[in-house]
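1. what's the 3D shape of this:
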Amino acid sequence: MPNKLTTYLKLHKVPIALALLTLIFYYTFAYNLVRIDFIKLIALFAALFFLCLRIIQFEKWNLKFLLVIGILFRLVFLMAEPNLSQDFYRFIWDGHLVANFINPYLEVPDILIQQKDLIIPNAQELYNGMGELSAKHFSNYPPFNQLIFGLAALLGGKSIMASVLVMRTVIILGDIGIVYFGRKLLKHLNRPQHLIFWYFLNPLVITELTGNLHFEGVMLFFFVWALYLLSQKKWMLAAVPYALSIAIKLVPLLFLPLFLKYLGLKESFIFYLLVGAICILCFLPFYSPDFLANYSQTIGLWFSNFEFNAGLYNGVKQIAIAFDGKPWELIKTYGKIVPILTILAVLGVTFFRKNQNLAVLLTSMLWVLTLYYLLSATVHPWYIIFLVLLGVFTQYRFAVLWSLVVVLSYFAYSNPAFTENLWLLALEYFVVFGFLAYEIFNPKRQKPIFHKN
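-> Model prediction:
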């Protein structure tokens, strides 16, 4: 046994050394970084990204090694308080409401905090932590996400860190599930299974999901599970995890029309009914006469009021300002146009792509979501994680590069006014658009974006 261990260490000494260095950097990231320290943030992130690439290059045929170190990287964050996002305070707040059978879609923290007999433990700390913007709006997190918050609050009790630990455990398990079904899906597509580790070891995935408790990973677990079941022709079963992915984050709703050709008219109709019915069942416990109005109002704010790390929108805004346009009016108009353009794009990809083939279907999803994010006025860094995972199943790698340069958007958190640096955003999108154009127009690419039927 000692001889085998010695031999293994000799054969893998370089990747093991790189993994240990990565663990040190992740520890620094988790426990010795504040988000206002922008230089330290981008330096750590760039180093982690480089180490991730090198480890995958060295060990791409040793999947157990990659899985184990990916789990270890996540465990570093286990007892760390999220340092790049304050959303977890709202998660726990909503969780305590759900655990006490209070509808989070009907109560605003600004009003609840005024109650003397408020049943939420650490209410003032959670209220202060979530920030003014979150505190004045109804919850925008879908129902299955709320149930996870409720579980975290229930198990965590009066301890904020215990609730964080529960949520973090769920997120880590979700990522492990993505590796499990992702490998199976890659095998079905006749693609190298190590590609799933471009997701699993990606520093953006580890820091934003495990570190900062965003639930994209849990949504993607159900999403990939559904895709795997679809690849096995178990489309009725696939409706269940697909609906649950929507009930965590609404983004997979975008892709529903794309299944029309893949499943055929009759099967897709039944698939849509099943997904819709399960989503309704998820929302049903939270339903009240005011629910739809409150929830749609909160979701609408993302289109018409908020802006962060925008691509095309920033260009449009600068042109509008040059012609004496008013930014606060532009965002409302622009927010009405983006959903229309997105729907038109989805319909175009639905009817002009050969989505009967699963590989083409996955690429169609990648293009639809890419366009949506390029048009959006709000693109938080963790949004790109969905593109990273979709890219794993296609020939395109621009999302991996985007997951690196998106960290430039965090400059906004380095100043009290949260002012964005448009030069840094221009650099981010110049890199993204440049590499995207290279991948699209590279003559070595096998297939164009659109196919004639």
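
2. only C-alpha atoms for contact and neighbour calcs from this point on.
-> Will do.

3. what sits up against stretch 63-77?
-> Outside stretch 63-77, the residues that touch it by Cα atoms under 8 Å, 6 or more residues apart in numbering are 19, 22-23, 26-27, 30, 56, 59-60, 172, 194, 197, 200-201, 206, 210-211.

4. For the helix or strand hosting Val431, buried residues please.
-> Per DSSP states H and E: Val431 is located in helix 422-441. Within helix 422-441, the residues that count as buried by 16 or more other Cα atoms under 10 Å are Leu424, Leu425, Ala426, Glu428, Tyr429, Val431, Val432, Phe433, Phe435, Leu436, Glu439.

5. What is the distance between the lengthiest helix in the chain and the centre of its chain?
-> Ranked by residue count and defined by DSSP state H, the top helix of the chain is helix 160-188. Computed by Cα atoms, centre = their mean, to the nearest Å, the chain-centroid distance of helix 160-188 equals 13 Å.

6. where in this structure is pLDDT low?
-> Scanning the chain for pLDDT under 70 picks out the ranges 1-2, 301-305, 328, 443-453.

7. So which residue is smack in the middle of it?
-> Nearest to the centroid of the C-alpha atoms of the chain, with distances taken as Cα atoms, centre = their mean, sits Glu216, at 3.6 Å.

8. Isn't Ala247 up against Gln146?
-> No: taking Cα atoms under 8 Å as the definition, Ala247 is not a contact partner of Gln146, at 9.2 Å.

9. give me phi/psi at Thr378?
-> phi -130, psi 120 (degrees, to the nearest 10).

10. beta partners of it?
-> Using DSSP bridges, the bridge partners assigned to Thr378 are Phe308.

11. Next, count neighbours for Ala30.
-> 22 (other Cα atoms under 10 Å).

12. just the one 5 residues further on next, same as before
-> For Arg35, the number of neighbouring residues by other Cα under 10 Å comes to 18.

13. helix, strand or coil for Asn294?
-> Secondary structure assignment for Asn294 (DSSP: H, G, I helix; E, B strand; the rest coil): helix.

14. residues touching Ala30, list them.
-> So Ala30 contacts Val76, Phe77, Ala80, Glu81, Pro82, Asn83, Gly211 (Cα under 8 Å, 6+ apart).

15. most surrounded residue in those residues?
-> Gly211 (27 neighbours).

16. Looks like that residue contacts Met79 (just checking).
-> No: in this structure, Gly211 is not within contact of Met79 by Cα under 8 Å, at 9.7 Å.

17. that older thread, how near is the residue nearest to the centre of the chain to Pro252?
-> 11 Å (Cα to Cα, to the nearest Å).

18. quick revisit: want to try a markdown table for the buried residues of helix 422-441, with distance to Leu72 as columns?
-> Shown next, in a markdown table, are the buried residues of helix 422-441 (distance: Cα to Cα, whole Å):
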| residue | distance to Leu72 |
| --- | --- |
| Leu424 | 32 |
| Leu425 | 32 |
| Ala426 | 35 |
| Glu428 | 30 |
| Tyr429 | 32 |
| Val431 | 31 |
| Val432 | 30 |
| Phe433 | 34 |
| Phe435 | 32 |
| Leu436 | 33 |
| Glu439 | 33 |
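
19. Identify the farthest-apart pair in these.
-> Leu424 and Glu439 (22.8 Å; Cα to Cα).

20. follow-up on the earlier one: and of the buried residues of helix 422-441, the nearest to Trp93?
-> Leu425 (32.6 Å).

21. ok now do the closest one, which residues does it touch?
-> Asn309, Ala310, Gly311, Leu408, Ser409.

22. and if we set it to 10 Å?
-> Residues in contact with Leu425 (Cα atoms under 10 Å, 6 or more residues apart in numbering) are 308-311, 314, 405-411, 431.

23. For stretch 331-341, buried residues please.
-> Buried positions in stretch 331-341, judged by neighbour count with 16+ other Cα under 10 Å: Ile331, Lys332, Tyr334, Gly335, Val338.

24. As TSV, those residues with distance to Tyr242 would be great.
-> Below are the buried residues of stretch 331-341 laid out as TSV (distance: Cα to Cα, whole Å):
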residue	distance to Tyr242
Ile331	32
Lys332	31
Tyr334	30
Gly335	27
Val338	24
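
25. So which bits of stretch 170-179 are buried?
-> Val170, Ile171, Ile172, Gly174, Asp175, Ile176, Gly177, Ile178, Val179.

26. One more: stretch 157-165?
-> Buried residues in stretch 157-165 (16+ other Cα under 10 Å): Ile160, Ala162, Ser163, Val164, Leu165.

27. what do you get for stretch 361-373?
-> Quick answer for stretch 361-373 (16+ other Cα under 10 Å): Leu361, Leu362, Thr363, Ser364, Met365, Leu366, Trp367, Val368, Leu369, Thr370, Tyr372, Tyr373.

28. before we move on, what about stretch 231-243?
-> Ser231, Trp235, Met236, Ala238, Ala239, Val240, Pro241, Tyr242, Ala243.

29. Correct me if wrong: the fourth one contacts Leu263.
-> No: with contact taken as Cα atoms under 10 Å, Ala238 and Leu263 are classed as non-touching, separated by 11.7 Å.
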